[in-house]
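Q: Sequence first, then the predicted structure, then my questions.
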Amino acid sequence: MISTWLHHHQQKQLIIFCNGWGMDATPFLPLGAGEYDVLMLSDYRDLALDFDPATLFSQYQLSFLISWSMGVWAGQQIFQPWSHFLQGAMAINGTLCPIHDQFGIPVQLYGATLEQFSATIRLKFYRRMCRDHQTLDTFLGHQPQRSVESQALELAALQGQVTCQPAADAIYKKIVIAGQDMVVPTANQISFWQGCDIHRVEGAHFLFYGWNSWDDLVGTLL
């Protein structure tokens, strides 16, 4: 796993962002930050941290976790023992059972994506992830600077290590679900998060260009 500071200006509030599969910092460059330092985690070929969470949290007055897509599962695995340090935790378009026919990405679709993965399949995935032309154009102008090989290795590693936890065990208190998610199907997300605080929004799997900054995201949804 890789940790990268998206914004680091010795602020008093921290956002830890658990990114989705195949991503890096590049797609998030358009998002500014005012009152928050933002630490991104990505590349879940393993879940080992290169920092001590207790030391990190001790440096901030308030700490928030925002997890997206496969990062929802990863964030749960990593921060469940540290959840008492968090003032809020939000899951965006993901579940704790991320490869599952009823609660996540359908098993056959995931397997076929891994088996056939290539630059062409990656572009199709980005299109399905963004859907509308404006979002896609912005994303492709800031697409991850990762090789097809590294993304495929991460996809395979996740297939081998992903497990399921019930929604009742989630550290997330706010669940954001897009109405037109074609990656983690909207209906599967709703089925998994039954009984939780679900916030329905318009949009597809990649929602981030709907906010100008991380401050806006936190202010709207936490």
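A: Yep, that arrived.
Q: these two touch, right, Val218 and Ile15?
A: Yes: the criterion here is Cβ atoms under 8 Å, and Val218 meets it with Ile15 at 6.8 Å. From N, CA and C alone the C-beta is placed, and that goes for glycine too.
Q: Give me the more crowded residue out of the two.
A: Using other Cβ atoms under 10 Å, the more surrounded residue of Val218 and Ile15 is Ile15, with 27 against 20.
Q: ok, that one - contacts?
A: Ile15 is in contact with 33, 36-39, 63-66, 214, 218, counting by Cβ atoms under 8 Å, 6 or more residues apart in numbering.
Q: rerun at 10 Å
A: 6-7, 33, 35-40, 60, 62-66, 88, 90, 214-215, 217-218, 222 (Cβ atoms under 10 Å, 6 or more residues apart in numbering).
Q: With Ala54 instead?
A: 81-82, 85.
Q: can you pull out the helices in the protein?
A: In the chain, the segments counted as helices under DSSP state H are 53-58, 70-79, 107-116, 119-130, 133-140, 148-161, 186-192, 214-221.
Q: can you tell me which of the contacts of Ile15 are in strands?
A: 6-7, 36-40, 62-66, 88, 90 (DSSP state E).
Q: Put the buried members of those residues into a ChimeraX selection.
A: Per 16 or more other Cβ atoms under 10 Å, the buried members of the ones in strands among the contacts of Ile15 correspond to this ChimeraX selection:
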select :6,7,36,37,38,39,40,62,63,64,65,66,88,90
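Q: With distance to Gln143 and pLDDT added, can I get the ones in strands among the contacts of Ile15 in a markdown table?
A: Shown next, in a markdown table, are these (distance: Cβ to Cβ, whole Å; pLDDT from 0 to 100):
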| residue | distance to Gln143 | pLDDT |
| --- | --- | --- |
| Leu6 | 16 | 98 |
| His7 | 20 | 98 |
| Tyr36 | 24 | 98 |
| Asp37 | 25 | 98 |
| Val38 | 20 | 98 |
| Leu39 | 22 | 98 |
| Met40 | 16 | 98 |
| Leu62 | 32 | 96 |
| Ser63 | 29 | 97 |
| Phe64 | 26 | 96 |
| Leu65 | 25 | 97 |
| Ile66 | 21 | 97 |
| Gly88 | 29 | 94 |
| Met90 | 24 | 96 |
